[in-house]
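Participant: this one's structure only:
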């Protein structure tokens, strides 16, 4: 359902007003100004989805004056029609620069070179303690579609603890500490939003919708800025724009069948490349691969989906030895794989 623009503006404004009215801010800058400033640094992202329980929207934050956007890595980004809408309503088609598979983050870039954008400074890191009051900014439920401000929720840090959660049948890869909040911050569309303190400083990035593996309840949490700032800086510094697929493929390419591994059903364009099974006696089993392993790199190249893995294997000769990096129980494991040739046992 698409809400009228005036109604969406009113809803977002009411959320902000309720936060301001409930508390008074002791800082010199009025809380309303702090919120408004933070909202200009948060963007709305629209992309793939639209199926049942697959929302086609999420949130991101500006992290550089030149228009770099940090968000959650998800199926929403897997489309040629990805759009980022700024606070002022302008819409741009971003460039996908890279991702962090452990923290499930993605880095995008606006196609603008002659403008300085308001942004959160990852180098000026703020931290919070249990009991600290916080604000969560995101495009909850896709309410904002144009120049409407993103929604704001107020709450407090209730715990700082390792993330022990699952998404469907799979455990989350990230296992380090997160900020747990008492606001319903991690609803549809919120992933990639900002958690800030009452001075507007970035505390963390709102995560995806997950359930606790201990209690089975939905979690409201954010990844602390300190947990991903180094990774994001590496993405900013190491973006490779020169790589192109080889012009000629080998006569016999590697395949998952030759390696003896079966992927989970590829139901979405960006289905994560988890292993569903490993064949007994296969090269994959001999290398130590197991069911539920998540493949993240092959031959030094990042793998974001089942389709990306299958495509990457076509670039490698069946006799070639390749290095595969995978995530298992939150740890990065590196193995070497080599098929046994065309007469390998099927």
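Facilitator: Arrived safely, thanks for sending. Since the structure is predicted, the reported quantities are computational estimates derived from the model, not experimental observations. Numbering: from 1, shown residues only.
Participant: which intervals of the stretch 51-200 of the chain have sub-threshold pLDDT?
Facilitator: In the predicted model of the stretch 51-200 of the chain, residues 51-53, 169-170 satisfy pLDDT under 70.
Participant: tell me the strands in it, going along the chain?
Facilitator: Assignment of strands within the stretch 51-200 of the chain using DSSP state E, counting those that start in this stretch yields the ranges 57-62, 68-72, 83-85, 91-92, 95-100, 105-109, 133-138, 151-162, 165-167, 170-171, 177-181, 194-196.
Participant: Please apply the same query to the stretch 201-346 of the chain.
Facilitator: Assigned by DSSP E, counting those that start in this stretch, the strands in the stretch 201-346 of the chain fall at 202-206, 211-212, 221-224, 261-263, 275-278, 294-298, 301-302, 322-328, 331-337.
Participant: which of these sits most buried?
Facilitator: strand 202-206 (a mean of 27; mean count of other C-beta atoms under 10 Å). All C-beta spots, glycine's among them, are computed from the backbone N, C-alpha and C.
Participant: Spell out which strands sit alongside that strand in the sheet and which way each one runs.
Facilitator: Note on strand 202-206: by DSSP bridges, its sheet partners are strand 194-196 (antiparallel), strand 221-224 (antiparallel).
Participant: which parts of the first one are buried?
Facilitator: Residues of strand 194-196 classed as buried: 194, 195, 196 (neighbour count, 16 or more other C-beta atoms under 10 Å).
Participant: so which of these comes closest to residue 219?
Facilitator: Within the buried residues of strand 194-196, proximity to residue 219 (C-beta to C-beta) peaks at residue 195, which comes in at 13.4 Å.
Participant: and residue 99, what does it touch?
Facilitator: With contact taken as C-beta atoms under 8 Å, 6 or more residues apart in numbering, residue 99 is in contact with 73, 105, 106, 107, 235, 302, 304.
Participant: just those now: which is nearest residue 208?
Facilitator: residue 73 (9.0 Å).
Participant: Provide the partner residues of the closest residue to that closest one other than its chain neighbours in its beta bridges.
Facilitator: The shortest distance from residue 73 to any non-neighbouring residue, by C-beta to C-beta, 6 or more residues apart in numbering, is to residue 106 (4.1 Å). Bridge pairing for residue 106 (DSSP bridges) gives the partners residue 71, residue 99.
Participant: Name all residues that make contact with the residue nearest the centre of the chain.
Facilitator: Residue closest to the average C-alpha location in the chain (C-alpha atoms, centre = their mean): residue 72, at 1.9 Å. Residues in contact with residue 72 (C-beta under 8 Å, 6+ apart) are 58, 104, 105, 106, 191, 192, 205, 206, 207, 208.
Participant: rewinding a little: can you lay out the strands of the stretch 201-346 of the chain as JSON lines showing mean pLDDT and distance to residue 185?
Facilitator: Formatted as JSON lines, the strands of the stretch 201-346 of the chain follow (pLDDT from 0 to 100; distance: least, C-beta to C-beta, whole Å):
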{"stretch": "strand 202-206", "mean pLDDT": "97", "distance to residue 185": "6"}
{"stretch": "strand 211-212", "mean pLDDT": "90", "distance to residue 185": "15"}
{"stretch": "strand 221-224", "mean pLDDT": "97", "distance to residue 185": "7"}
{"stretch": "strand 261-263", "mean pLDDT": "95", "distance to residue 185": "33"}
{"stretch": "strand 275-278", "mean pLDDT": "95", "distance to residue 185": "32"}
{"stretch": "strand 294-298", "mean pLDDT": "89", "distance to residue 185": "26"}
{"stretch": "strand 301-302", "mean pLDDT": "78", "distance to residue 185": "29"}
{"stretch": "strand 322-328", "mean pLDDT": "89", "distance to residue 185": "25"}
{"stretch": "strand 331-337", "mean pLDDT": "87", "distance to residue 185": "28"}
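Participant: Now for residue 291, how many residues are close by?
Facilitator: 12 (other C-beta atoms under 10 Å).
Participant: repeat for residue 69
Facilitator: As a burial measure, residue 69 scores 27 neighbours (other C-beta under 10 Å).
Participant: Equivalent analysis for residue 173, please.
Facilitator: 21.
Participant: just to revisit the earlier point, check the contacts of residue 72 and tell me the two furthest apart.
Facilitator: Spatial extent of the contacts of residue 72 (C-beta to C-beta) is set by the pair 106 and 206 at 13.9 Å.
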